[in-house]
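Student: Make a model of this:
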Amino acid sequence: MIEELLPPSVAVVAAYDDEGPAGAPPAAAPALDADGLYPEEALLVARAVPKRRREFATVRRCARAALARLGAPPAPLLKDPRGAPGWPPGYVGSLTHCAGYRAAAVAPADRLAALGVDAEPHLPLPDEGVTELVVRPEERARIGALSARRPDVHWDRLLYSAKESVYKVWYPLTRSWLDFQDASLTVDPDRGTFTATLLVPVPAPGPGGAAPPPATLRGGWLVRDGLIVTAIALEH
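Tutor: Below is the predicted model:
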């Protein structure tokens, strides 16, 4: 699904459960544990409940398979202090998982500056408290107009997903937090696109001299088979 929203330079591997072969590691990968994890990765979920461990393992198998398509050797995918995945030098990527869907999107760093993907169940946000955290006042008005036009879409959840994709682009380039309220989104219901206007100052060039993200990010969205998926591919 997410591959439909991304350019051809992006390798996407997805799985709809934790049993299928879609995310199987390359045959040349060194010995992994029964879940397909390197020892360093297994430590990250050593205390996790089985469901969380299975999701973690599946999405990393997907990531290794996507990297293999681009010619990258198999290697552990660890996390930084905020939980963001660490990609091999020369690659950018993004991971997502929710009930019924796991996916990894990876691209050469010389083709894209950053990637952000997210998948969510196509359901309303769980309660008003969550909605207040995610949706800005001007976005509420937009959601009302969108709902009148397309009542078949849960626009509040789509906004949540799109802002997750925004953050996944923002953070690797800035190494700084971005709150849900720090971006204002406009959604095109006909073209399946969205525009995010960042409402905080864009930091100076990030680690390694990486260019910061622009003040406006554009992405795509899709609703199908009980899922909402969003994606942003940021060019240099």
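Student: number of nearby residues for residue 110?
Tutor: 11 (other Cβ atoms under 10 Å). (C-beta placed from N, C-alpha, C; glycine too.)
Student: just residue 68 next, same as before
Tutor: 20.
Student: now swap in residue 60 and tell me
Tutor: 27.
Student: And what about residue 158, helix, strand or coil?
Tutor: Here residue 158 is recorded as helix under DSSP: H, G, I helix; E, B strand; the rest coil.
Student: I'd like the distance between it and residue 144.
Tutor: 14 Å (Cβ to Cβ, to the nearest Å).
Student: Between the two, which is the more surrounded one?
Tutor: residue 158 (24 against 11).
Student: wait, doesn't the more buried one sit right on residue 187?
Tutor: Yes - with contact defined as Cβ atoms under 8 Å, residue 158 reaches residue 187; the gap is 6.7 Å.
Student: show me where the protein has helices.
Tutor: Applying DSSP state H to the chain gives helices spanning 39-44, 50-69, 128-134, 137-149, 155-174.
Student: Does the fourth one pack against any helices or strands, and if so which?
Tutor: Put plainly, it is helix 137-149. Judged by 3 or more Cβ pairs under 8 Å, 6 or more residues apart in numbering; DSSP states H and E, helix 137-149 is in contact with helix 155-174, strand 183-188.
Student: Any chance of JSON lines for these, columns mean pLDDT?
Tutor: What follows is these, written out as JSON lines (pLDDT from 0 to 100):
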{"stretch": "helix 155-174", "mean pLDDT": "96"}
{"stretch": "strand 183-188", "mean pLDDT": "98"}
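Student: so which of these is the most packed in?
Tutor: Highest mean neighbour count among the helices and strands packed on helix 137-149 (mean count of other Cβ atoms under 10 Å): helix 155-174, with a mean of 24.
Student: Using CSV, write out the CA atom coordinates for it.
Tutor: Coordinates of each C-alpha in helix 155-174 appear next as CSV, following Å, rounded to 0.1, in the frame of the first residue of the first chain:
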residue,chain,number,x,y,z
TRP,A,155,-10.2,12.4,9.0
ASP,A,156,-9.0,12.8,12.6
ARG,A,157,-7.1,9.5,12.4
LEU,A,158,-5.7,10.5,9.0
LEU,A,159,-4.4,13.8,10.5
TYR,A,160,-2.8,11.8,13.3
SER,A,161,-1.1,9.5,10.8
ALA,A,162,0.1,12.3,8.6
LYS,A,163,1.6,14.1,11.6
GLU,A,164,3.4,10.9,12.5
SER,A,165,4.9,10.9,9.0
VAL,A,166,5.9,14.5,9.4
TYR,A,167,7.7,13.8,12.6
LYS,A,168,9.6,10.8,11.0
VAL,A,169,10.9,13.2,8.4
TRP,A,170,11.6,16.0,10.8
TYR,A,171,13.5,14.1,13.6
PRO,A,172,16.3,12.5,11.6
LEU,A,173,17.2,15.9,10.1
THR,A,174,17.0,18.0,13.3
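Student: the inter-axis angle of that helix versus helix 137-149?
Tutor: 140 degrees (axes from the mean of the first three to the mean of the last three Cα atoms, to 10 degrees).
Student: quick one, helix 155-174 and strand 183-188 angle?
Tutor: Interaxial angle, helix 155-174 versus strand 183-188 (the same axes, to 10 degrees): 130 degrees.
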